[in-house]
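# return atomic coordinates for the entry below.
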Amino acid sequence: GPFGSLDAVMDRVRRERADGVLVVAADSFISTEYLTHYATHGPSHWMTWPPSPSEGAAAMVVTDPTTAARWKAPILGHLGRSLTKASASNDDNDEIVDGGALTEVLRGVAGPTVHYVFGQGSGGNLRARAWLLAMGRTAERFRKGHDEIDLESFVGSLGAAAGLGNAVY
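Next up is the predicted model:
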């Protein structure tokens, strides 16, 4: 979105002297038209397994520890670093997925040892390809036996809410 990263969200909180920011993501991939199409058409050569009908939503409040203490809210996580980088490939073009943007993000924010990875296990061939290429280029950071946790494998496709859904999880 317009913030680019959670670091940018916190910069805005400080700049505007806000108590925090509520970050919300939602996606609905359910409609009568889609359900009809889904029930009457099989997979195509473009997508062996089309996205299943689904809905997803996630929300979290991003604030500083002082404000959380004043609210008597438990701190469920700490943001050490965040970064976003757009790649040239997307759903609307034929650019080759090379994992370059994700590699830059991993090099920019991942610590020397990664223990957990959230959200890269499903989501289609493009996401999987970018992840495998980036992980291969930064393999020294992943501890042997690191955990890859994918919320969508438990609850189904979250669509546009997948990123925030995995962050909240």
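
# can you list contacts of the longest helix seen in the chain?
The longest helix of the chain (DSSP state H) is helix 125-137. With CB atoms under 8 Å, 6 or more residues apart in numbering as the test, helix 125-137 has contacts from 87, 89, 91, 97-99, 101-103, 105-106, 120, 122, 142. C-beta coordinates here come from the backbone N, C-alpha and C atoms, glycine included.

# average pLDDT for stretch 33-52?
For stretch 33-52, mean pLDDT is 74.

# I meant to write stretch 18-28 there.
Rounded mean pLDDT across stretch 18-28 is 85.

# buried ones in that stretch?
Gly20, Val21, Val23, Ala25, Asp27 (16 or more other CB atoms under 10 Å).

# reformat those residues as a markdown table; add secondary structure and distance to Pro53.
Compiled in a markdown table, these are given as follows (DSSP: H, G, I helix; E, B strand; the rest coil; distance: CB to CB, whole Å):
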| residue | secondary structure | distance to Pro53 |
| --- | --- | --- |
| Gly20 | strand | 34 |
| Val21 | strand | 31 |
| Val23 | strand | 25 |
| Ala25 | strand | 18 |
| Asp27 | strand | 11 |
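
# which one of those sits closest to Gly77?
Val23 (12.5 Å; CB to CB).

# for the chain, which residues score under the pLDDT cut-off?
1-5, 46-52, 121-124 (pLDDT under 70).

# quick one: the strands in it, in order.
20-28, 55-63, 114-118, 142-149 (DSSP state E).

# now the angle between strand 142-149 and the shortest one, please.
This means strand 114-118. Using axes from the mean of the first three to the mean of the last three CA atoms, to 10 degrees, the inter-axis angle of strand 114-118 relative to strand 142-149 is 20 degrees.

# got the buried residues for strand 114-118?
Val114, Val117, Phe118.

# what of stretch 129-145?
So, applying 16+ other CB under 10 Å, buried residues of stretch 129-145: Arg129, Ala130, Trp131, Leu133, Ala134, Met135, Arg137, Thr138, Phe142.

# of all those residues, which comes closest to Arg81?
Of the buried residues of stretch 129-145, the one sitting nearest to Arg81 (CB to CB) turns out to be Thr138, at 14.5 Å.

# for that closest one, give me its contacts.
Counting by CB under 8 Å, 6+ apart, Thr138 has contacts Thr103, Leu106, Arg107, Ala110.

# among those, who's most crowded?
Leu106 (21 neighbours; other CB atoms under 10 Å).

# which residues sit in contact with it?
Counting by CB under 8 Å, 6+ apart, Leu106 has contacts Ala134, Met135, Arg137, Thr138, Arg141.
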